[in-house]
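In: What shape does this take:
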Amino acid sequence: MKVRTGTGTGAEERAAGGRWRLVTDPAVRNLIAVSGAIGVAGAFVVPTTSLFLTQAVAATPLMVGLFFAARSIAEIGTDVVVGAVSDRLRDRRTILVLTALLNASGALCYTFLRDYYALLVTGMICFGLGGACFGQLFAYTRDLADARGVDAPFFNGFLRSVTSAAWVVGPPLAFWIIAEWSFTVLYAVTAGLSLLAAVLCRWGLPQPGGPAAKDTGADPSGTPADEEPPPGLRGMFAGVGLHTMLVLGSVVLLLGANAMYQINLPLHVTEELGMSAQFAGLLLGVSAAVEIPLLVLAGVWADRLGKRRLMIAAAVCATLFFSLLPFAEGRPALLALQPLNAAWAAVALNIPVVMLQDSLPGRAGTASALYSSAFKAGMFLGGLVVGTVATWTGYTQVFWVCAGLTALAGVLVLCLRPSAPTPIDHLSDPADPTDSAEPREGSAA
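Out: Just a heads-up that it's a prediction; the model follows:
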């Protein structure tokens, strides 16, 4: 890629300065706090649920798999509907508050209930509806990035690094709380974090358009007067073509493998390797720590190297990681593999959502909900596979299935139409249409 002589370095420095000045924005600082609270709450629930069901509820491996699959089905449907509706709302923060409160209710059910079927039903209802918070946070992040005039891959990667930071402390702390106290204490704390997120969303986050929306002739939903409003619920799948479907397919496979890893790891470490649950939490924390700088770098490199190339590299790293994992039987070997795990996860958790938002301009809620639904579809796939494979062959063999899924994801990404990397100049001169053949963030794909 050739950058125009005499302008590239200055443009890159100005872009980098503009990016990091965001940290001084009060809205961004509050968004960091919301992402942190939601991230820690998720880091408490996701890696401990399989252990909770096994030890506190006496569920079988098949029941554990069905539990994750049923909850994922509930979340997939609500994500897409809420995402389509949210694009026509004046204020996306209302949905963020409601979904955070539902997540708090789900955590309280985990706190007090110990009947498998009661947990299954309440989890499907509370976390099924509350799971839309995940996609809506992506959509709000994109709205705020566009309002602040910063490139979306960097901003999204920066916020996702906050979630990864939450996963550095979350799993080890969660398993420590279980060991020192109980599952009851753990999920009570989780409910408190979700309530904190709801409070921050209500009183700490601004409307991205702000007063400027009135000056630009926007209608009550926030859409400029010269643009068509989002299609809403009836047209939620309008504009979803082959490119979008290939990206969604790769997300389902990659994040399905990631979900299987998170569900299976505590059981593999404790049941087959004879190690403590705290070490499983340490592994997840180490991976998240390495993931933090890689998330930011992936956002910076997305336009330089191309999102498709980064996704291919992520699929290769994921396949290699899961192929090596069955041979890692000691603590040093398991720890040594975590940088490879973090490398592919940093791309898979950041770049696909931006690719989907680019393919559906002006519909950040729908695009983010599609990504979130693909994530939940991966959870559904992961729950079923872990339950069936672990029942018949053991927990170690699950990782081979993960390797096959990530390899297939790489094939889907290879089928995407290549696009040229975006020169850095566009960050300082967004009006220049000659910079790249690749669609700009927020422009028509």
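In: and stretch 313-323, how far from the chain's centre?
Out: Using Cα atoms, centre = their mean, to the nearest Å, the distance from the centre of stretch 313-323 to the centre of the chain it belongs to is 18 Å.
In: residues in contact with that stretch?
Out: Taking contacts as Cβ atoms under 8 Å, 6 or more residues apart in numbering, the residues outside stretch 313-323 that touch it are 250, 254, 257, 261, 337, 340-341, 343-348, 351, 399-400, 402-403, 406-407, 409-410, 413. From N, CA and C alone the C-beta is placed, and that goes for glycine too.
In: swap the cut-off to 7 Å and go again
Out: Applying Cβ atoms under 7 Å, 6 or more residues apart in numbering, the set of residues contacting stretch 313-323 from outside is 254, 257, 337, 340-341, 343-344, 347-348, 399, 402-403, 406-407, 409-410, 413.
In: Derive a PyMOL selection command for the buried subset of these.
Out: In PyMOL, this line selects whichever of the contacts of stretch 313-323 come out buried by 16 or more other Cβ atoms under 10 Å:
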select buried, resi 254+257+337+340+341+343+344+347+348+399+402+403+406+407+409+410+413
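In: Now, the contacts of stretch 313-323 that are in strands?
Out: Cross-referencing these against strands under DSSP state E gives no overlap.
In: Low-confidence ranges, the protein, go.
Out: Within the chain, the set of residues satisfying pLDDT under 70 comprises 1-23, 84, 87, 209-240, 362, 418-445.
In: cutoff 50 now
Out: Counting by pLDDT under 50, the chain shows low-confidence ranges at 1-11, 13-14, 210-227, 231-234, 420-445.
In: And the helix or strand containing Pro332, what does it pack against?
Out: In this assignment (DSSP states H and E), Pro332 forms part of helix 331-336. Contacts of helix 331-336 with other secondary structure elements, assessed using 3 or more Cβ pairs under 7 Å, 6 or more residues apart in numbering; DSSP states H and E, are made with helix 277-305.
In: mind checking how far the helix it packs on is from the chain centre?
Out: 12 Å.
In: Just the buried residues of it, please?
Out: The neighbour-count criterion (16+ other Cβ under 10 Å) identifies 277-292, 294-303 as the buried residues of helix 277-305.
In: On the C-terminal side of that helix, identify the next helix or strand.
Out: Past helix 277-305, further along toward the C-terminus, the next helix or strand under DSSP H and E is helix 307-324.
In: send the alpha carbons of the helix holding Pro332 over as CSV?
Out: These are the backbone C-alpha positions of helix 331-336, laid out as CSV (Å, rounded to 0.1, in the frame of the first residue of the first chain):
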residue,chain,number,x,y,z
ARG,A,331,0.4,-26.1,33.7
PRO,A,332,3.3,-24.6,31.8
ALA,A,333,2.1,-26.0,28.5
LEU,A,334,-1.4,-24.7,29.0
LEU,A,335,-0.1,-21.3,30.0
ALA,A,336,2.2,-21.1,27.0
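In: now that helix, how far from the chain's geometric center?
Out: Between the mean C-alpha point of helix 331-336 and the mean C-alpha point of its chain there is a distance of 26 Å (Cα atoms, centre = their mean).
In: ends of stretch 298-318, how far apart?
Out: Stretch 298-318 has an end-to-end distance of 16 Å (Cα to Cα, to the nearest Å).
In: Next, Val150: secondary structure please.
Out: Each residue gets one of three states, and Val150 gets coil by DSSP: H, G, I helix; E, B strand; the rest coil.
In: ok, it - how many residues close by?
Out: 22 (other Cβ atoms under 10 Å).
In: Excluding chain neighbours, what is closest to the residue nearest the centre of the chain?
Out: In the chain, the residue lying closest to the centroid (Cα atoms, centre = their mean) is Leu349, at 5.0 Å. Setting aside the residues directly before and after it, Leu349 is nearest to Arg160 in space (Cβ to Cβ, 6 or more residues apart in numbering), at 5.6 Å.
In: residues in contact with stretch 397-404?
Out: Outside stretch 397-404, the residues within contact range by Cβ under 7 Å, 6+ apart are 257, 260-261, 264, 319, 322-323, 325-326, 385-386, 389-390.
In: Let's have these in a markdown table, adding distance to Val189.
Out: Below are the contacts of stretch 397-404 laid out as a markdown table (distance: Cβ to Cβ, whole Å):
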| residue | distance to Val189 |
| --- | --- |
| Ala257 | 29 |
| Met260 | 26 |
| Tyr261 | 24 |
| Asn264 | 25 |
| Thr319 | 36 |
| Phe322 | 32 |
| Ser323 | 37 |
| Leu325 | 30 |
| Pro326 | 34 |
| Val385 | 30 |
| Val386 | 26 |
| Val389 | 32 |
| Ala390 | 29 |
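In: Mark which of these are buried, thanks.
Out: Buried members of the contacts of stretch 397-404, counted by 16+ other Cβ under 10 Å: 257, 260-261, 264, 319, 322-323, 325-326, 385-386, 389-390.
In: residue contacts, the closest residue to Phe127 other than its chain neighbours?
Out: With Cβ to Cβ, 6+ apart as the measure, Gly106 is the residue that lies nearest to Phe127, at 4.2 Å, once sequence neighbours are left out. The neighbours of Gly106, taking Cβ under 7 Å, 6+ apart as the test, are 122-123, 126-127, 130.
In: Could you measure from Gly106 over to Phe112?
Out: According to Cβ to Cβ, to the nearest Å, Gly106 and Phe112 sit 12 Å apart.
In: residue contacts, Thr190?
Out: For Thr190, the contact set (Cβ under 7 Å, 6+ apart) comprises 41, 44-45, 107.
In: of the residues you listed, closest to Leu144?
Out: Leu144 lies nearest to Ala41 out of the contacts of Thr190, by Cβ to Cβ, at 21.1 Å.
In: and the closest one, helix, strand or coil?
Out: Under the three-state scheme (three-state DSSP), the conformation of Ala41 reads as helix.
In: which SSE is Ala59 in?
Out: Secondary structure here is read from DSSP H and E; on that basis Ala59 sits in neither a helix nor a strand.
In: ok, Thr163 - how many residues close by?
Out: Counted with other Cβ under 10 Å, residues neighbouring Thr163 total 23.
In: re earlier: was I right to think the residue nearest to the centre of the chain contacts Leu159?
Out: No - assessed by Cβ atoms under 7 Å, Leu349 is found out of contact with Leu159, at 10.8 Å.
In: Outside of stretch 112-122 itself, which residues are in contact with it?
Out: Residues outside stretch 112-122 that contact it (Cβ under 7 Å, 6+ apart) are 56-57, 59, 63, 67, 70, 106, 109-110.
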